[in-house]
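Asks: Got a sequence here, can you model it:
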Amino acid sequence: MTRSPFHRLVFGTLRRLLYLWVRSETIAQSAFSLKLDRSKPVLYVLQQPSLSDLAVLDHECSKSGLPRPVLPVAVGGLQEPAAFFYLNREADWFGRQDKRSASPTLVRLVNAIGQHAVEDAQIVPVSVFWGQSPDRETSPWKLLFADSWAVTGRLRRLISILILGRKTRVQFSAPIHLRELIEQDKGHERTLRMVQRILRVHFRNQKAAVIGPDVSHRRNLVKGLIHGPLVRQAIAEEVEREKISVEKAEAQALRYGNEIASDYAYTAIRFLEVVLSWFWNKIYDGIKVNHIEGVQDVAQGHEVIYVPCHRSHIDYLLLSYLLFRNGLTPPHIAAGINLNMPLIGGLLRRGGAFFMRRTFKGNPLYTAVFNEYLHTLFSKGFPVEYFVEGGRSRTGRMLQPKTGMLAITLRSFLRSNRLPVVFVPVYIGYERVLEGRTYLGELRGASKKKESIFDIFKVIGALKQRFGQVWVNFGAPIKLAEFLDQDQPGWREQELGPQYRPAWLSDTTNRLAERVAQHLNEAAAINPVNLVALALLSTSKLALDERALTRVLDLYLTLLRSVPYSPHTTLPEGDGQALIEYVQGMQLLAEQKDALGKILYLDEQNAVLMTYYRNNVLHIFALPALLASFFQSSARISREQILRYTRALYPYLQSELFIRWSLDELDAVVDQWLAAFVEQGLLRFEADVYVRPAPSSRHFVLLTLLSRAIAQTLQRFYMAIALLLNAGQNAISAEELEDLCTVMAQRLSILHGLNAPEFFDKSLFRHFIQTLLDLGVLRQDEAGKLSYHKLLGELAEGAAKRVLPAEIRLSIRQVAMDRSEDAAEPA
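Replies: I've put the predicted structure just below:
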């Protein structure tokens, strides 16, 4: 075809005619280009013979400056007439296809390298997707013409080009180096078969990653649920319990399946892509995506479960949009049944959402159907997305994970681990969250509103506001089998029982949830709003002059570059002054001018809202802030003392904020931070001790501001201990202590003007008390009353003296004593 000037002329004419209609784009071009060695011959391989696919490939290579497939390529002393070949041979007149014989081009390449006529050659697998689409049984039109797993004929391809050619995507994969395969020394014939097998597996995995699993798995999915063994057992129990017929129980199970299951539609995905492309550019200033290359690599051959943090209702839409735009199958998304509203629910369902009830209690049949539905998705390779936090975070912190979906996933994997499961954490960071006004009311103490996706549309009338950018960072994947190997060695050989509920399931699920939350926080995107919020909320009057704020921001950026939190954490570009100007442009900062310059401050409304954005990154600053707090009451501290106090307090910070470092890693990280402090002049190292700057110095002010980032968290810890000690041994339950802490925190927030609504968040006290119980610091008797170690008061007071101002400690003790006296007085 391309071996003569005439054939090339015909092909060029065909390509030009094709592109009168066709529009194509390359997925992840930059990631591929980085792996290509231009000094070695490059040949492309397409799976099936197709002139249209070749024309699209040639167009994309010309557009990107890559070697063209239709031009000759030198392979040592040989000249290949074209730089491409097909993996599968063209079918004969009877439609039969010989998949065993290798392409003559591939045979010549293996011969040339084996005989050392050329050092190496690169084979680049290329997939062309026409109307990239996961197929579904209720769309026969789409089943006829969209890319699927069916054999594609010429007529079908022609109609596909006419209908779907405006949305054609090309995926270049990492080059395969033939030299590496030939060096395995398996002989000419076996090497050829190995190369063909590698390419067949690659194309199958690539297709599954982009358009979803084979369409045949989707047919009758819902009907097939009632035949699962656990569902059959639940149906039998339902018949016995409710005294109904088997047919009636099966019909109920089928209704549950239809209530739950998604209804993927390519038209809905395309519609959402168009609408959301407008949305991100109209309301937001675009999306910044980081580390998606790792997802594209791991998606092939794995069951991918996306576990994003949950900050906004548009998280659902954002992730699917980004995956689709980057050549990955949009996932099936677990959504609350409250979102299954008229019109909106149908659109979400067609975009991949499946709906779940808020509670499964008291309905074992529904539970069985839901579990079987998820098991079907997992075992067939459909990517899935769910939020481990359960609901949206109203405070900006990572919420304590809800382990229900993780437990279902784990049980499904134990039941059948045919496909390796990998969790992909996704951190979504907003410079201004759409539901900010709603959250503002709740942060001020208003009752939590019922979730409604219509909250999104309320901002359409507020387009005068600038919402900034959205940052999406993909974190380090967690391979479930590897996690289980570490947490439960020998799990593959254990007897799991018919319900797949081993005794260790609950504890292992909790540890998996903690690992997911830590990986999510590792992928944090630190943006200008986060840093400005952190700096100003650490001041007593929520204000700084412009030069001072610039210095604080520059210090934060320098420290974060010196001691990176994680390889997946990202920082904003620019210096402190650029960050200030950016946040001012979003109208989140107020200013006042006088003869000495500008004073920048937070007004009342933004002061509360900015706690949300500060909390997004509090886990990153927790450890350096803790170290800085040691020097607020002590001028000189040895390394050994610093490590001792850090080890004592760190487990509670780690548990609340999901900080990444284990206790074994802690000493080395502390040393890194202390070295960074010394380098920036925040501390001096003299005679084996660390010395703080003079209290009147600028560096001490910076050290003090850094310490205040974590001050309210430490105050909450001290408050809970003070109330417990005042109550006495075995005098108060965990629930009573939790309620007392909440009331006391509300009082102190008024007395000391604290502007952080999460200061009196009951769930944070609950988690702290539970951590004390988990670590054995507290115990519960048979009546649920708490007892504690006799040295707890001495240890708590010693640590508090290091990290809390005397005024705060005295105020907390006074309020605790007042409460005890009130409780002791007769009614």
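
Asks: Which residue, other than its chain neighbours, is closest to Gln48?
Replies: Distance criterion C-beta to C-beta, 6 or more residues apart in numbering; nearest residue to Gln48, sequence neighbours excluded, is Asn88 at 5.5 Å. Using the backbone N, CA and C atoms, a C-beta is placed for each residue, glycine as well.

Asks: If you could redo that for Ile710, that was the one I meant.
Replies: Once chain neighbours are set aside, the closest to Ile710 by C-beta to C-beta, 6+ apart is Ala625, at 3.9 Å.

Asks: Please enumerate the strands of the stretch 351-500 of the chain.
Replies: Remark: strands assigned in the stretch 351-500 of the chain by DSSP state E, counting those that start in this stretch are 353-356, 384-385, 421-430, 470-474, 478-479.

Asks: Next up, the contacts around the residue nearest the centre of the chain.
Replies: Within the chain, the residue whose C-alpha comes closest to the C-alpha centroid is Val426; the distance, by C-alpha atoms, centre = their mean, is 1.2 Å. Contacts of Val426 were listed using C-beta atoms under 8 Å, 6 or more residues apart in numbering, and they are Tyr306, Val307, Pro308, Cys309, Leu319, Val472, Asn473, Phe474, Gly475, Leu520, Ala523.

Asks: Minimum pLDDT in those residues, which residue is that?
Replies: Least confident by pLDDT among those: that is Leu319, with 92.

Asks: I'd guessed it sits against Glu385; true?
Replies: Yes - counting by C-beta atoms under 8 Å, Glu385 is a contact partner of Leu319 at 6.3 Å.

Asks: ok, the two, which is more surrounded?
Replies: Glu385 (24 against 21; other C-beta atoms under 10 Å).

Asks: residues contacting that one?
Replies: Going by C-beta under 8 Å, 6+ apart, Glu385 touches Ile305, Tyr306, Val307, Pro308, Leu319, Ser320, Pro331, His332, Ile333, Ala334.

Asks: Name the residues linked to it by a beta bridge.
Replies: Beta-bridge partners of Glu385, counted by DSSP bridges, are Tyr306, Ile333.

Asks: roughly how far apart are it and Phe423?
Replies: According to C-beta to C-beta, to the nearest Å, Glu385 stands 11 Å off from Phe423.

Asks: Mutual contacts of these two, please.
Replies: Ile305, Val307.

Asks: hmm, back to that, just put the strands of the stretch 351-500 of the chain in TSV and tack on distance to Val70.
Replies: Putting the strands of the stretch 351-500 of the chain into TSV (distance: least, C-beta to C-beta, whole Å) gives the following:
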stretch	distance to Val70
strand 353-356	44
strand 384-385	41
strand 421-430	38
strand 470-474	36
strand 478-479	41
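
Asks: for those strands, which one sits closest to Asn371?
Replies: If you check each of the strands of the stretch 351-500 of the chain against Asn371 by C-beta to C-beta, strand 353-356 wins as the nearest, at 10.9 Å.

Asks: Quick one: list the elements packing against that closest one.
Replies: Using 3 or more C-beta pairs under 8 Å, 6 or more residues apart in numbering; DSSP states H and E as the contact criterion, the secondary-structure elements in contact with strand 353-356 are helix 246-260, strand 332-336, helix 344-350.

Asks: redo that, cut-off 10 Å
Replies: The elements that strand 353-356 packs onto, with contact taken as 3 or more C-beta pairs under 10 Å, 6 or more residues apart in numbering; DSSP states H and E, are helix 246-260, helix 315-325, strand 332-336, helix 344-350, helix 364-380.

Asks: so which of these comes closest to Thr438?
Replies: Shortest separation from Thr438 across those is recorded for helix 315-325, at 14.9 Å, computed as C-beta to C-beta.

Asks: quick one: that closest one to strand 332-336, angle?
Replies: Inter-element angle recorded for helix 315-325 and strand 332-336: 170 degrees (by axes from the mean of the first three to the mean of the last three C-alpha atoms, to 10 degrees).

Asks: Centre of the chain to helix 315-325, how far?
Replies: The chain centroid and the centroid of helix 315-325 are separated by 12 Å under C-alpha atoms, centre = their mean, to the nearest Å.

Asks: Can you tell me how far Pro5 is from Arg547?
Replies: Pro5 sits 71 Å away from Arg547, taking C-beta to C-beta as the criterion.

Asks: neighbour-wise, which of the two wins?
Replies: When Pro5 is set against Arg547 and neighbours are counted by other C-beta under 10 Å, the residue ahead is Arg547, at 13 against 8.

Asks: Backbone torsions only: list them for the more buried one.
Replies: Taking degrees, to the nearest 10, you get phi -70, psi -40 for the backbone angles of Arg547.

Asks: hang on, the earlier thing: closest one to Phe370 among the strands of the stretch 351-500 of the chain?
Replies: If you check each of the strands of the stretch 351-500 of the chain against Phe370 by C-beta to C-beta, strand 353-356 wins as the nearest, at 6.3 Å.

Asks: So for the closest one, mean pLDDT?
Replies: Per-residue pLDDT values across strand 353-356 average out to 92.

Asks: Stretch 189-203 too?
Replies: If you average the pLDDT over stretch 189-203, you get 87.

Asks: Would you map the strands across the stretch 1-150 of the chain?
Replies: Using DSSP E, counting those that start in this stretch, strands in the stretch 1-150 of the chain cover 24-27, 42-46, 73-75, 78-80, 84-86, 122-130.

Asks: Out of those strands, flag the one nearest Arg639.
Replies: Between Arg639 and the strands of the stretch 1-150 of the chain, the shortest separation by C-beta to C-beta is 50.8 Å, and it involves strand 24-27.

Asks: List of residues touching that closest one?
Replies: With C-beta atoms under 10 Å, 6 or more residues apart in numbering as the contact definition, strand 24-27 has outside contacts at 18, 32-33, 55-57, 59-61, 63-64, 66, 126-130, 132, 165-172, 210, 296, 324-328.

Asks: Return the residues in contact with Tyr565.
Replies: 521-524, 526, 571, 617, 619-621, 623, 659-661, 669.

Asks: Quick one, which of those residues are buried?
Replies: When those are checked for burial by 16 or more other C-beta atoms under 10 Å, the buried set is 521-524, 526, 617, 619-621, 623, 659-661, 669.

Asks: which one of the residues you listed is nearest Pro805?
Replies: The shortest distance between Pro805 and any of those, using C-beta to C-beta, involves Phe621 and amounts to 19.0 Å.

Asks: Once you drop chain neighbours, what's closest to that closest one?
Replies: Nearest in space to Phe621, with sequence neighbours left out and distances taken as C-beta to C-beta, 6+ apart, is Ala709 at 4.7 Å.

Asks: Output the lowest mean pLDDT helix or strand found in the chain.
Replies: Counting by mean pLDDT, DSSP states H and E, the chain has its least confident helix or strand at helix 140-145, which shows a mean of 39.

Asks: Mind exporting the C-alpha coordinates of stretch 413-430 to CSV?
Replies: Listed next in CSV are the C-alpha coordinates belonging to stretch 413-430 (Å, rounded to 0.1, in the frame of the first residue of the first chain):
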residue,chain,number,x,y,z
PHE,A,413,-11.7,-9.9,46.8
LEU,A,414,-11.4,-12.7,49.3
ARG,A,415,-14.3,-14.4,47.5
SER,A,416,-12.6,-14.2,44.1
ASN,A,417,-9.3,-12.5,43.4
ARG,A,418,-9.1,-13.3,39.7
LEU,A,419,-8.3,-9.6,39.0
PRO,A,420,-5.8,-7.8,41.2
VAL,A,421,-7.5,-4.8,43.0
VAL,A,422,-5.7,-1.5,43.2
PHE,A,423,-7.0,1.6,45.1
VAL,A,424,-6.2,4.9,43.5
PRO,A,425,-6.4,7.9,46.0
VAL,A,426,-7.5,11.1,44.3
TYR,A,427,-7.0,14.4,46.1
ILE,A,428,-9.3,17.2,44.9
GLY,A,429,-8.4,20.7,46.1
TYR,A,430,-10.5,23.7,45.4
